[in-house]
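[1] structure, please.
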Amino acid sequence: MEKENKGKKNNSDLRTGENVSLLPILAVNFIGTLGFSIVLPFLVFLVNRLGGNAFIYGLASAMYPAFQLVGAPILGRWSDTYGRKKILFISQLGTLLSWIIFLVALFLPVISLFKIDSRVLGAFTVTLPLAVLFFARALDGLTGGNVSVANAYLADITAERDRSQNFGKMAISENLGFIVGPALAGILSLTMYGNVAPVLGAIVISLIGTFLIISYLPESKECAPG
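    Modelled structure (predicted):
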């Protein structure tokens, strides 16, 4: 009975925004944007080294947001049905897996799959590691609905009187991720490990995000009845 009453009180606190710490969800949002932006400074050099050109770099940069456009509505709908925490966990796990695949791509032999020499697109070679890199960015985008689900989570736990203030904090955490990510990538790339260091950093960041979701993020929404 005591546990049941405690559970009801916790659910009530989440709905009203009382005694609920925003730090875990703000950290998850920060980590989500940081994990995306950390690739931006060195991606152009990596694509060029693996056989691509400016056109391929543009495609590689567009892979994440393009697939996020597909995945985010699906993950948002699933979070309404199965609960925010479960979908945030799946999303973060997808990001972690995509960075591991990205890391593997850096160590693959540069085997040419096909070449294109076009007057419009320019000359470029699609290599094995380049194809794997594209797959990694697509997977990250497809499971990259964590920011949209995090905003839905915040709406669940925020009282009406605090809505503008809390969503302002959410925007700040997101913008900080876009600021810190490229700066961190630049610093890590200067080490002896080169482009491998930022990718390892992204893996560590994704692990931290996964741990925060499992350990410190209570469920904010009851699962919809089947």
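[2] quick one: contacts for the residue nearest the centre of the chain?
    The chain has Gly32 as the residue nearest its centroid, 3.9 Å off, counting by C-alpha atoms, centre = their mean. Contacts for Gly32 (C-beta atoms under 8 Å, 6 or more residues apart in numbering) come out as 92, 95, 144, 146-147, 150, 174, 177, 209. All C-beta spots, glycine's among them, are computed from the backbone N, C-alpha and C.
[3] any idea which element it lies in?
    helix 23-37 (DSSP states H and E).
[4] what's the first helix or strand after that helix?
    Scanning onward from helix 23-37 (DSSP H and E), the first element met is helix 40-49.
[5] average pLDDT for whichever helix or strand comes after that following helix?
    Note on helix 40-49: by DSSP H and E, the next helix or strand toward the C-terminus is helix 54-82. Averaging pLDDT along helix 54-82 yields 89.
[6] which of the residues in helix 54-82 are buried?
    By neighbour count on 16 or more other C-beta atoms under 10 Å, the buried set for helix 54-82 is 55-57, 60-61, 63-64, 67-68, 71-72, 75-76, 78-79.
[7] just the pLDDT for the residue nearest to the centre of the chain.
    At Gly32, the pLDDT recorded in the model is 80.
[8] give me the distance between it and Leu176.
    Distance, Gly32 to Leu176, using C-beta to C-beta, to the nearest Å: 11 Å.
[9] so of the contacts of Gly32, which ones are in helices?
    With helices defined by DSSP state H, the entries of the contacts of Gly32 inside them are 92, 95, 146-147, 150, 174, 177, 209.
[10] distance to Ser37 added to those, as a markdown table?
    Formatted as a markdown table, the ones in helices among the contacts of Gly32 follow (distance: C-beta to C-beta, whole Å):
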| residue | distance to Ser37 |
| --- | --- |
| Gln92 | 16 |
| Thr95 | 13 |
| Asn146 | 14 |
| Val147 | 12 |
| Ala150 | 16 |
| Glu174 | 10 |
| Gly177 | 6 |
| Gly209 | 14 |
